[in-house]
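Novice: what follows is a predicted structure for the sequence shown.
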Number of protein chains: 2
Amino acid sequence: MASVFVNRLQFLPHEDFDRYPRTLERDCELLASAGCDIVFAPSEAELYPHPQTFKLVPDPELADILEGEFRPGFFTGVCTVVMKLMSCVQPRVAVFGKKDYQQLMIVRAMTEQFALPCDIIAAETVRDADGLALSSRNRYLSAAELREAPRLYRVLNDVKSKVEQGERNFEAIEFDADAELARHGWRVDYVVVRRRETLTAPERGDRELVALGAAKLGNTRLIDNLEITAPR
Amino acid sequence: MASVFVNRLQFLPHEDFDRYPRTLERDCELLASAGCDIVFAPSEAELYPHPQTFKLVPDPELADILEGEFRPGFFTGVCTVVMKLMSCVQPRVAVFGKKDYQQLMIVRAMTEQFALPCDIIAAETVRDADGLALSSRNRYLSAAELREAPRLYRVLNDVKSKVEQGERNFEAIEFDADAELARHGWRVDYVVVRRRETLTAPERGDRELVALGAAKLGNTRLIDNLEITAPR
């Protein structure tokens, strides 16, 4: 079976095309060495021969919170281009990283709601030895920022530990996490504990949770998350 | 090759389900006699196991005019369910009637914009001997209304004749058509001449046009249209 790799560039909403690091050549080398048969990487002009005026608008309850609050319309762009790429490639499975957790939940919900014949597979986040989630954005961090950056992971890990130890005062946990990051110079967009699928606030008895964080270090906005299974 | 017929009921936006005449049994007989192999007619519960909160929102310039103006959100419902049915059936071709001309243009544009691997085929409108376009709604007309109903076709035919004879004062043509219907008791939503694909007002030199009308006769709202090729 042929594996098709869709260059991540194409998953971006239109307006982000220019700001994104382009590493297609290097990506292709890595893919070849990993046994990938085909790379599908249409140019912007090929993917958008005409302005994209039809949109796939996701559920606002899932898409206008968290990343969607700080990047209005972002997930409409994601859903629109993912739906279009699904049409182009007609994949049987598609892999999305857990690093963009909200995106993964939204793409999964879209796939279900539109009865797409495709399984969405979640890929675990890959991390440096110090815990920093790998991201193309890390290249924008200074040496000092790179040393500071793993704190986002450590703070989320603290949140995870507390919840796993049975603490359920999520507001207090979130407040402490936020303060810890702010104390070290981060500008925090959010650190929250949510239910996994709906990303709504946990209710009594919910055990399948996720801690999500987004914060700016200098000019670079980093996001990360950790799944948590709360004790009974 | 198997032909799949999707019951028209399923093309309706959610909220119209209850008002629509249901003739599945009779439809299936007619389809069988026409050589159809498979009918795909999911129940509402099968098609919408969960509330449909992700939407396919068409280009407002194409979808918020004409029918979209009188039925706000209508084409978002149409596009959402058509996209979902496309996923379910994975058709190589899909046939849409010209009777719902704006719907046809919108579905065609959606198919292009989302690169769906499906050709949209336009089916000619079928008419009674008196010109009345066949529609499931005709059954709601009284005997007197049924005699009056073909006037919509005749008025559109007058519009067509004038344009084919070289008249380009579309405002005057539309005004006369509107007045003729109103004089016979119709409440007119619109009678307009438009460019075919974009449904925008014709510009100098445009030849591929369509006359579209929508008006109420008693409690029944009828629509019809005629393609026009203007002279050079």
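Specialist: Right, received. Where do you want to start?
Novice: next, the angle from the helix of greatest length in chain A to helix B:74-89.
Specialist: Looking across chain A with DSSP state H, the single longest helix is helix A:74-89. Orientation check (axes from the mean of the first three to the mean of the last three C-alpha atoms, to 10 degrees): helix A:74-89 against helix B:74-89 gives 40 degrees.
Novice: does any part of helix A:74-89 sit near chain B?
Specialist: Yes. Helix A:74-89 is in contact with chain B by C-beta under 8 Å from any C-beta of the partner chain, via A:C79, A:M83, A:K84, A:S87, A:C88. The way it works is simple: take the backbone N, C-alpha and C, and place the C-beta from them, glycine included.
Novice: could you pull out the buried residues of the helix or strand A:D27 falls within?
Specialist: Assigned by DSSP states H and E, A:D27 belongs to helix A:24-33. For helix A:24-33, the neighbour count (16 or more other C-beta atoms under 10 Å in any protein chain shown) marks A:D27, A:L31 as buried.
Novice: report all helices and strands that whatever helix or strand comes next after that helix contacts.
Specialist: Remark: after helix A:24-33, the chain's next helix or strand is strand A:38-40, criterion DSSP H and E. For strand A:38-40, the packing partners by 3 or more C-beta pairs under 8 Å, 6 or more residues apart in numbering or on different chains; DSSP states H and E come out as strand A:4-6, helix A:24-33, helix A:74-89.
Novice: pLDDT score assigned to the nearest residue to A:Q90 once chain neighbours are set aside?
Specialist: Counting by C-beta to C-beta, 6 or more residues apart in numbering or on different chains, A:Q90 lies nearest to B:P117, which is 7.1 Å off, once chain neighbours are set aside. At B:P117, the predicted lDDT confidence score is 96.
Novice: quick one, what contacts B:P117?
Specialist: With contact taken as C-beta atoms under 8 Å, 6 or more residues apart in numbering or on different chains, B:P117 is in contact with A:S87, A:Q90, B:R92.
Novice: what's the answer for A:D176, then?
Specialist: So A:D176 contacts A:D158 (C-beta under 8 Å, 6+ apart).
Novice: phi, psi of it?
Specialist: Dihedral pair for A:D176: phi -60, psi -40, per degrees, to the nearest 10.
Novice: next, name the residue at the spatial heart of chain A.
Specialist: When chain A is reduced to its mean C-alpha position, the closest residue under C-alpha atoms, centre = their mean turns out to be A:D100, at 0.7 Å.
Novice: check the gap between it and chain B for me.
Specialist: Distance of A:D100 to chain B, computed by C-beta to the nearest C-beta, to the nearest Å: 18 Å.
Novice: ok, A:E227 next?
Specialist: Separation of A:E227 from chain B (C-beta to the nearest C-beta) stands at 23 Å.
Novice: that residue touches A:V210, doesn't it?
Specialist: Yes. A:E227 lies in contact with A:V210 (C-beta atoms under 8 Å); the separation is 5.1 Å.
Novice: which one's more surrounded, those two?
Specialist: A:V210 (22 against 15; other C-beta atoms under 10 Å in any protein chain shown).
Novice: I figured that one was touching A:T229, is that so?
Specialist: No. If you go by C-beta under 8 Å, A:V210 and A:T229 don't touch, sitting 10.0 Å apart.
Novice: burial of the spatially closest residue to A:N219 that is not a sequence neighbour, as a residue count?
Specialist: Taking C-beta to C-beta, 6+ apart, and ignoring the residues beside it in sequence, A:N219 has A:Y140 as its nearest neighbour in space, at 7.1 Å. Using other C-beta under 10 Å, A:Y140 is surrounded by 15 other residues.
Novice: for A:V192, grab the count of nearby residues.
Specialist: A:V192: 23 surrounding residues under other C-beta under 10 Å.
Novice: and what about it, helix, strand or coil?
Specialist: strand (DSSP: H, G, I helix; E, B strand; the rest coil).
Novice: ok, now A:F96?
Specialist: Using three-state DSSP, the secondary structure recorded for A:F96 is strand.
Novice: circling back: who touches both of A:E227 and A:V210?
Specialist: The contact lists of A:E227 and A:V210 share A:R196, where a contact means C-beta under 8 Å, 6+ apart.
Novice: from the chain's centroid, how far away is stretch A:156-163?
Specialist: With C-alpha atoms, centre = their mean, to the nearest Å as the basis, stretch A:156-163 stands 19 Å off its chain's centre.
Novice: typo on my end, stretch A:225-232
Specialist: How far stretch A:225-232 lies from its chain's middle: 18 Å, per C-alpha atoms, centre = their mean.
Novice: would you mark the buried spots in that stretch?
Specialist: A:N225, A:L226, A:I228, A:A230.
Novice: name the nearest of those relative to B:R127.
Specialist: A:N225 (59.8 Å; C-beta to C-beta).
Novice: the closest one is in contact with A:L156, isn't it?
Specialist: Yes. Counting by C-beta under 8 Å, A:L156 is a contact partner of A:N225 at 6.7 Å.
Novice: between those two, which contacts overlap?
Specialist: Joint contacts of A:N225 and A:L156 (C-beta under 8 Å, 6+ apart) are A:A211, A:L212, A:G213.
Novice: what about the last one, which SS state?
Specialist: Meaning A:G213. strand.
Novice: now it, nearest residue through space, not along the chain?
Specialist: A:V191 is the one closest to A:G213 (C-beta to C-beta, 6+ apart), at 4.3 Å.
Novice: next one: that neighbour from A:L66, what distance?
Specialist: 11 Å (C-beta to C-beta, to the nearest Å).
Novice: who's more crowded, those two?
Specialist: Set side by side, A:V191 and A:L66 show more neighbours around A:V191, with 26 against 22, by other C-beta under 10 Å.
Novice: these two touch, right, that one and A:E171?
Specialist: No. Judged on C-beta under 8 Å, A:V191 makes no contact with A:E171 at a distance of 11.3 Å.
Novice: tell me the residues of chain A that contact chain B?
Specialist: A:50, A:52-62, A:79, A:83-84, A:87-88, A:90, A:109-110, A:112-117.
Novice: and these, which of them are buried?
Specialist: Applying 16+ other C-beta under 10 Å to those flags A:52, A:54-59, A:62, A:79, A:83-84, A:87-88, A:109-110, A:113-116 as buried.
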